[in-house]
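Colleague: How does the following fold in three dimensions:
(one chain, ligands or ions: 1)
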Amino acid sequence: MPGFVKVTKLSGLKENAPSGFEVNKVKFLLVKLNGKVYAMNSVCTHAGGPLEKGTCENGNILCPWHKSEFKVTDGSVARGPAIKPEQTYKVNVVGDDVLVEL
Ligand code: FES
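Modeller: Okay, the predicted model is just below:
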């Protein structure tokens, strides 16, 4: 699968709880939502907050610094103060391996 990097094991991810990773200097989070895995850049577009340390509620990642919310499915802003969406990445699950296209 060209372009995809093996990141972690599916069995190691918890539902509705973001986990932070860094590959090739890209900081991103993985979150499992209703059994599906999503990947999003984890540097908040508002002021650089660590989204991987936030929470996942109602399908949104909440920034721990000023509570901006980003939709897990497409990175769009669900609530400010952030106005710029987060970059999201394609995820492929092969067996128990989670691969991300960065
Ligand atoms: S740094 Fe994330 S909302 Fe401000």
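Colleague: Can you give me the neighbour number for residue 44?
Modeller: 22 (other CB atoms under 10 Å). Glycine gets a C-beta too; all of them are placed from N, C-alpha and C.
Colleague: and the residue nearest to it when sequence neighbours are not counted, what does it touch?
Modeller: Closest residue in space to residue 44, ignoring its immediate chain neighbours: residue 63 at 4.6 Å, by CB to CB, 6 or more residues apart in numbering. Contacts for residue 63 (CB atoms under 8 Å, 6 or more residues apart in numbering) come out as 44, 46, 49, 51, 54, 69, 70, 82.
Colleague: in the chain, which spans are strands?
Modeller: Using DSSP state E, the strands found in the chain span residues 4-9, 19-23, 26-33, 36-41, 55-57, 60-62, 69-71, 77-79, 88-94, 97-101.
Colleague: Including mean neighbour count and mean pLDDT, could the ones you listed go into a markdown table?
Modeller: Shown next, in a markdown table, are the strands of the chain (neighbours: other CB atoms under 10 Å; pLDDT from 0 to 100):
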| stretch | mean neighbour count | mean pLDDT |
| --- | --- | --- |
| strand 4-9 | 16 | 96 |
| strand 19-23 | 14 | 96 |
| strand 26-33 | 20 | 97 |
| strand 36-41 | 20 | 97 |
| strand 55-57 | 15 | 96 |
| strand 60-62 | 22 | 98 |
| strand 69-71 | 22 | 98 |
| strand 77-79 | 15 | 98 |
| strand 88-94 | 15 | 97 |
| strand 97-101 | 18 | 97 |
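Colleague: tell me the contacts of the closest residue to residue 59 other than its chain neighbours?
Modeller: Counting by CB to CB, 6+ apart, residue 72 is the residue found nearest to residue 59 once chain neighbours are left out, at 5.3 Å. By CB under 8 Å, 6+ apart, the contact set of residue 72 is 31, 33, 38, 40, 56, 59, 60, 61.
Colleague: near the ligand, which residues of the chain?
Modeller: 44, 46, 47, 48, 49, 63, 65, 66, 68, 81, 82 (CB under 6 Å from any ligand atom).
Colleague: Count the neighbours of the second one for me.
Modeller: This means residue 46. Considering only other CB under 10 Å, residue 46 is surrounded by 18 other residues.
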